[in-house]
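Asker: Following is a predicted model, sequence given first.
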Amino acid sequence: MGEKLVDELVETLSQMEREVERMFRDVWMKLSAETPLRLGAWEPPADVVDRGEELVVYVDVPGFSKEDIKVKVTEDCIEIFAKKSEEKVIEGSYLLKQRFRESLYKKVDLPFKVRPEQAKARLENGVLEIRIPKSGLTKEIQVSIE
């Protein structure tokens, strides 16, 4: 009974930690959504959806082509880099210019371990969709007491 209580406590604390991290990320996103990052890259909004056997990550990348985008996936993280080689020239003088993004960077810490070698990505209507199967593996070992 004591082990179950400890397990429940650990799980509750883990959930609280994830919620606090999510809250800080949400606040940071609101503060940084319209401002460039230190390196001049924009950080786009993203959604992470748990679909049972896989995680699906959606990232807004308007104006970028698939050739502009690089996706790196590890067991617990996704990094997205995008850089345009040149801006489309529009005739006339700009009075306001807010839409062009030369580069972007997004790092998404995943809530589960995934299988990066099976990740698939596609780009449609300015939204990058990344599908990654969950690994299903939990690292738990039995430790002998000496």
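Answerer: Yes, it's here.

Asker: Quick one: the strands in the protein, in order.
Answerer: 46-50, 54-60, 69-73, 77-83, 103-109, 120-124, 127-133 (DSSP state E).

Asker: could these go into a markdown table alongside mean pLDDT and mean neighbour count?
Answerer: Glycine gets a C-beta too; all of them are placed from N, C-alpha and C. Formatted as a markdown table, the strands of the chain follow (pLDDT from 0 to 100; neighbours: other CB atoms under 10 Å):
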| stretch | mean pLDDT | mean neighbour count |
| --- | --- | --- |
| strand 46-50 | 95 | 14 |
| strand 54-60 | 95 | 18 |
| strand 69-73 | 94 | 16 |
| strand 77-83 | 91 | 18 |
| strand 103-109 | 90 | 17 |
| strand 120-124 | 96 | 12 |
| strand 127-133 | 96 | 18 |
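
Asker: how about low-confidence regions in the chain?
Answerer: For the chain, applying pLDDT under 70 flags the ranges 1, 28-41, 85-89, 97-101, 137-142, 144, 146.

Asker: Quick test: name the residue nearest the centre of it.
Answerer: Geometric centre of the chain, nearest residue: residue 108, 2.5 Å, by CA atoms, centre = their mean.
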